[in-house]
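> Next come a sequence and a model predicted from it.
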Amino acid sequence: MNAVLPLLAGDTAHQYATLLRPYALILIAAFVVVNGALLLAAVAFRDRPGRVPWPARPHHRVTGVYVGVLVVLAAMLATLAVRSEDRVDAAATHPAFTITVIASQWRWTFVYPDGRHSPTLVAPVDRDIRFRLRSRDVLHSMYIPAERFKRYAFPDRWNTFDLQFGRIGTFLGECAQFCGWNHAYMRFTVRVLDDAGYAAWSTGGAL
Amino acid sequence: MSTAVSPAERSPGLVLSWIGATDHKRIAAHMAWACGLFLVIGGLVALTMRTELAQPGLQVLSRDHYNELYSLHGSTMIYFVMTPAALALGVYLVPLQIGAADLVAPRLNLFAMWMLLGGAAVAFSSLLTASGYPRDGWTEFLPMSNDTFSPGTGTDLWLAGVAASAISAMILAGTILATIVLRRAPGMSMLRIPVFTWTMVATCLNVLFAVPALLGALGLIFVARHTDIAVNPAAYLNLFWFYGHPVVYVMFFPFVGAALEVLATNARRRMAGYGPFVLAIIGFAATSMAVWGHHMFATGQVTNQYFAVTSIALMVFAGVEYLDAFLTMWGGAIVMRTSTLFALGFFAQFLVGGLTGLFLASPTLDYQANDTYFVVGHFHYTLFAGSMFGLFAGLYHWFPKATGRLLDERLGKLHFWLLVVGTNLTFFPFFILGNEGMVRRVADYPDQRGLADWNLVATVGSYVVAVALLVFLVNVVWSKTLGATAGADPWQGQTLEWWTASPPPRHNFESLPPIRSHAPLLDLREAESE
Amino acid sequence: MTRFGAPLFGWAVMLALLAAGLLAWSGEIEGPWLLLAASSVASAAIGFALGLAGPVQGDRRAIPDISIAPAVTAAGVLVVLVAFAAGRWLVLLGLGVTALGLGGTVRELRAQRRELR
């Protein structure tokens, strides 16, 4: 069922890649156009013997058009950003199950529905998984680069979000919010397994 | 023009001048020297950090020492270098640009200067305590900064020092703004004040409305450390970032003003789009008060979409400033002095910071990039490759006014090109590192995926930056005593500060020209040539 | 109203609009909205006050070129701030030094007024 729909709740890496394309295009184009124009002006109007600067005059039309273009661009970027955020932060209607994540100085604990505590995040591929994240002490941040996603862990409230892992494999997890002496080494491993592998693990098997 | 009766001129000793000079020019100069010293300290700390990060593993520093150093670097650069430097530029220039004899309330400004210097000393002194410099960055989020997780007096000394610098900033912003309101020369309406002075209006507004939130945040840390009251970490984040975003514009506005004045003067042309610029800078400053939530996208505690929209909206105001820079140059006769190069470098490189800022303004993209080296790259492009270049443009432009001597042009150009190479070599790899998942505030990183290679490139770049700054220091020290004499107006300036002698007398002006626009000296020259 | 009152009112209006936007978007009276609204009210108050104050054309003052009172006052305030780290008893010392500094300033102000009479 999930495989039929192209854009799924929690499919963060895919949303990131989808948004990145138009964004990067606009930003790189802006860089080239603006810096190109400044460079052109600097070179074309270098001081030369006998050169007389043009008298000043108002630039109402140019400014008006330019501001208009900027407003349109800003509206485009804002619309892209808002629509994408709707998708990334949408709650899945039927998450497969919920993993509770406890962050503490300086390790991660993943608690599964059957009560199993694991230092490794083990997950089945292509399923919406709900996470409830909290800290035991200071602020931490659960970051999985491959998922293009992170969330803060607070000591006084839960953060809930949905993720979907689209690739089988082993991935790096890190703590992205400074949390003291061992912050640099507060990493975890993400193991994404196929359904059979995950079923085997969750019934007590090893990885 | 306000007149002042002063006692007979006498030359106080150096120590007495530092302690007690009430002249805004002396206060600004002393602040500049102090910020220069703090820049060297913050820079040496950065070099040490970069040396450690050149290779995976811990070679030079322990985890604990690295954590002290990265915090020292950020706190020093923001609280004790760039914010006071921005204000110091205004302390020096605003009275001169508006035709005033001094700033409003000179003794209060002197008090503010000593709060800054004393505050820096107090904050640095935490290094000497058993607990050391607080480890939680310039942001000192709770609960990490409370007495459970950061015991000892180090954090309390830091709180005192930063609070002192905050009080200093508010006082200076208040007096600069009051001076602009109350002490303009006859004929100088608000729409005739120079561009730089307008950027100081925006800067002062941001300081006055944002820095109280910093004092509130510091107060929350104090409460958490010394009472039983449990402080809500999300409340701290909101309060801190309510200050923490506008302050980055405090560290930007004066420098865009300086860069625009340099471009106009060196293009030998009236600045284009003065009116739109005034609207843009005030709109920029106001909107910048409403974007702080973008620092908190990954917390899940703010209305992400609202802050995404306001953050993206900033590009409209910034764009007007860039248009004005372009239109000023288009049709000019641009002299490529060192100051021009730095002004152009400011616009070109700040753009990288601004565009990556737009990237970060989208929550989806920010969930990946936040708290990684991508963000570190972004703000070093805006603050260093951007604002600092604008500061250097201003320094090369106004050093002759303040000292009566020109900075050496050959050393200046060497400084510029070294810094261009150095900043890009250091900070561009940060975007790649962030994209590869390297998080920030870490003494070490996973030994994989080319992280080591790009870290090494960045470290090499940081050494080039150090050499560039050394060249500048040599230039300043040498030129101050042996540089070519400047005269009142070495650049064919357009604004009032160029009317008076270099350096200006104690009360700035013996006389004033007629003021009919924001470029009175240009008006005079054009009238004469007719 | 001075010409400067207008920009500050504009600032207040802009902040109020931004606050209204946040309220509309988030639908809650939450912390962020309160902060924004407070800024807007404060800037409107400043704009109003400045408008009332009117323009002040230069005052004749006899401010000394050298005054050590501000440095002394700053030292006192810093000691008070440090007292929270280094020992509460320091507050007394700090307040004393601050009083010294402020006293020095008062003396200078009196001397200025005498000179201008």
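Okay, I see it.
> B:Val248: which element?
Secondary structure from DSSP states H and E places B:Val248 in helix B:246-250.
> Is stretch B:136-154 in proximity to chain C?
Yes - counting by Cβ under 8 Å from any Cβ of the partner chain, chain C has neighbours in stretch B:136-154: B:Thr153. For the C-beta atoms, the positions are set from N, CA and C on the backbone; glycine is no exception.
> residues in contact with the closest residue to chain A within chain C?
Using Cβ to the nearest Cβ, C:Trp25 is the residue of chain C that sits closest to chain A, at 10.3 Å. Shown in contact with C:Trp25 (Cβ atoms under 8 Å, 6 or more residues apart in numbering or on different chains): B:Thr303, B:Gln305, B:Tyr306.
> change it to 10 Å
B:Thr303, B:Asn304, B:Gln305, B:Tyr306, B:Phe307, B:Val309, B:Thr310, C:Trp33 (Cβ atoms under 10 Å, 6 or more residues apart in numbering or on different chains).
> same question, B:Thr199
Applying Cβ under 10 Å, 6+ apart, the residues near B:Thr199 are B:86, B:89-90, B:249, B:252-261, B:277-278, B:281, B:284-285, B:321.
> Those residues also near chain A: which ones?
B:Phe277 (Cβ under 10 Å from any Cβ of the partner chain).
> got a pLDDT number for A:Leu19?
Note on A:Leu19: pLDDT of 94.
> Sticking with the closest residue to it other than its chain neighbours, tell me its helix or strand.
The shortest distance from A:Leu19 to any non-neighbouring residue, by Cβ to Cβ, 6 or more residues apart in numbering or on different chains, is to A:Ser84 (4.5 Å). Assigned by DSSP H and E, A:Ser84 belongs to helix A:60-88.
> Return the list of helices and strands in contact with that helix.
Helices and strands touching helix A:60-88, by 3 or more Cβ pairs under 10 Å, 6 or more residues apart in numbering or on different chains; DSSP states H and E, are helix A:12-44, helix B:274-288, helix B:304-329, helix B:338-360, helix B:363-369.
> residues near residue 89, how many?
Because you didn't say which chain, this covers chain A. Other residues near A:Asp89 come to 20 when the count uses other Cβ atoms under 10 Å in any protein chain shown.
> was after chain C, sorry
The burial count for C:Trp89: 9, using other Cβ under 10 Å.
> List the contacts of it.
C:Ala83.
> quick one: pLDDT of it?
81.
> Relative to A:Ser118, how far out is it?
53 Å (Cβ to Cβ, to the nearest Å).
> Name the residues that touch the helix or strand bottoming out on mean pLDDT in chain B?
Within chain B, no helix or strand scores below helix B:14-20, which has a mean of 90 by mean pLDDT, DSSP states H and E. Contacts to helix B:14-20, defined as Cβ under 10 Å, 6+ apart, come from residues B:11-13, B:23, B:26-27, B:29-30, B:33-34, B:107, B:110, B:113-114, B:117, C:64-72.
> could you flag which of these are buried?
B:23, B:26-27, B:29-30, B:34, B:107, B:110, B:113-114, B:117, C:64-67, C:69-72 (16 or more other Cβ atoms under 10 Å in any protein chain shown).
> give me the number of residues near the closest residue to chain C within chain A?
Among all residues of chain A, A:Val82 sits closest to chain C, at 10.3 Å; criterion: Cβ to the nearest Cβ. For A:Val82, the count of nearby residues is 18 (other Cβ under 10 Å).
> Contacts only, for C:Ala16.
C:Leu36, C:Ala37, C:Ser39, C:Ser40, C:Val41, C:Ser43, C:Ala44.
> should've said B:Val256
So B:Val256 contacts B:195-196, B:199, B:202, B:249, B:277, B:281, B:284, B:318, B:321-322, B:324-325, B:343, B:346-347, B:350, B:386-387, B:390 (Cβ under 10 Å, 6+ apart).
> For B:Thr403, see how far away B:Ala32 is.
For B:Ala32 relative to B:Thr403 (Cβ to Cβ), the value is 11 Å.
> Make sure A:Arg151 is indeed in a strand.
Yes - counting by DSSP: H, G, I helix; E, B strand; the rest coil, A:Arg151 falls inside a strand.
> beta partners for it?
A:Met142 (DSSP bridges).
> Would you agree it is in contact with A:Ser135?
No - judged on Cβ atoms under 10 Å, A:Arg151 makes no contact with A:Ser135 at a distance of 11.1 Å.
> ok, and the closest non-adjacent residue to B:Gly57?
Per Cβ to Cβ, 6+ apart, closest to B:Gly57 is B:Asp444, 6.4 Å.
> Understood, closing this out.
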